[in-house]
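**Q** what follows is a predicted structure for the sequence shown.
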Amino acid sequence: MTVPPRFFGYGSLVHLDTHDYPDPQHATLTGWRRVWRHAKARPVAFLSVEPCPDTTLHGITAQVPDADWAALDLREYAYNRRDVSDQFAAQTAIYEANPDHTQDPSVGHPILLSYLDVVIAGYQALRSDGADHFFATTHGWGPVLDDRNAPLYPRAQPLNSTTRDAVDTALSTLSVTVHPAEGALVDAIRNAPRSAT
């Protein structure tokens, strides 16, 4: 019997309510760190990874049944699939934004608060120190757009007070600027392709 390949999730894929890939398992990956990036293909910043020898990421792996990557590649359409099988028992891939086509977050390409909330809720469910781990191993912070009242992230989930407090405290500690969701930027995000992470 062929063992299905797996992906390593380090952002929204950690939140198991955002997908239905089978056999999700806690996993770690060494030599990579999370970083916020934006690409011309997207109006908002999103999480990616980059090599970093001294960092270990916590996340999940899950199966890709029948090695059918099409749906996951569509979800991760601004990314390249990279092989990290050397750290796992099965063929495993991670998605990395193409560094030739990405830049740091900016006011015109902010981090969606609803997206960050989903990621942190996933990490809180994964491990007791999940939120702390995420913030300690994520770099490239830029401005945040506060869209909590009308989430622009297509996979937004109900928000509990524990997640809200963890996110708000961390953003304050990191001195990240949070802008209200208003104007033409909100319209551009709302009209963007919905296959974004």
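**A** Perfect, thanks for sending it. Residues are numbered from 1 along each chain as shown.
**Q** where does this structure have low pLDDT?
**A** Scanning the chain for pLDDT under 70 picks out 1, 41, 105-107, 183-185, 187-188, 192-197.
**Q** for it, which segments are assigned as strands?
**A** 6-9, 25-39, 46-63, 79-83, 92-97, 102-103, 111-112, 138-139, 144-146, 178-180 (DSSP state E).
**Q** need the winner for burial among those.
**A** Among these, strand 6-9 has the highest mean neighbour count (mean count of other C-beta atoms under 10 Å), at a mean of 25. The C-beta positions use only the backbone N, C-alpha and C, and glycine is treated the same way.
**Q** could you say what helices and strands that one packs with?
**A** Applying 3 or more C-beta pairs under 8 Å, 6 or more residues apart in numbering; DSSP states H and E, one finds that strand 6-9 contacts strand 46-63, strand 92-97.
**Q** from the contact counts, what lies against the shortest one?
**A** What it means is strand 92-97. Using 3+ C-beta pairs under 8 Å, 6+ apart, strand 92-97 sits against strand 6-9, strand 25-39, strand 46-63, strand 79-83.
**Q** quick one, which of these is nearest to residue 69?
**A** For residue 69, the closest of those is strand 79-83, at 6.9 Å, according to C-beta to C-beta.
**Q** each with direction, which strands does that closest one pair with?
**A** Take DSSP bridges as the rule and strand 79-83 pairs in its sheet with strand 92-97 (antiparallel).
**Q** now the angle from the strand it pairs with to strand 25-39?
**A** Calculated by axes from the mean of the first three to the mean of the last three C-alpha atoms, to 10 degrees, strand 92-97 forms an angle of 20 degrees with strand 25-39.
**Q** ok, and what's touching strand 92-97?
**A** 5-8, 10, 29, 32, 37, 39, 46, 48-50, 61, 69, 76, 78-85 (C-beta atoms under 8 Å, 6 or more residues apart in numbering).
**Q** let me have the helices and strands packed on strand 6-9 in TSV, adding distance to residue 137 as columns.
**A** Below are these laid out as TSV (distance: least, C-beta to C-beta, whole Å):
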stretch	distance to residue 137
strand 46-63	6
strand 92-97	14
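**Q** out of those, which gets nearest to residue 156?
**A** Between residue 156 and those, the tightest spacing by C-beta to C-beta is seen for strand 46-63, at 14.4 Å.
**Q** coming back round to it: and the helices and strands packed on strand 6-9: which comes nearest residue 161?
**A** With C-beta to C-beta, the closest approach to residue 161 among those belongs to strand 46-63: 23.2 Å.
**Q** same for the closest one, what does it pack against?
**A** Packing partners of strand 46-63 (3+ C-beta pairs under 8 Å, 6+ apart): strand 6-9, strand 25-39, strand 92-97, helix 113-126.
**Q** which stretch among these comes nearest residue 16?
**A** Closest to residue 16 of the helices and strands packed on strand 46-63 is helix 113-126 (C-beta to C-beta; 7.0 Å).
**Q** buried residues in the closest one, which are they?
**A** In terms of neighbour count (16 or more other C-beta atoms under 10 Å), helix 113-126 has its buried residues at 113-124, 126.
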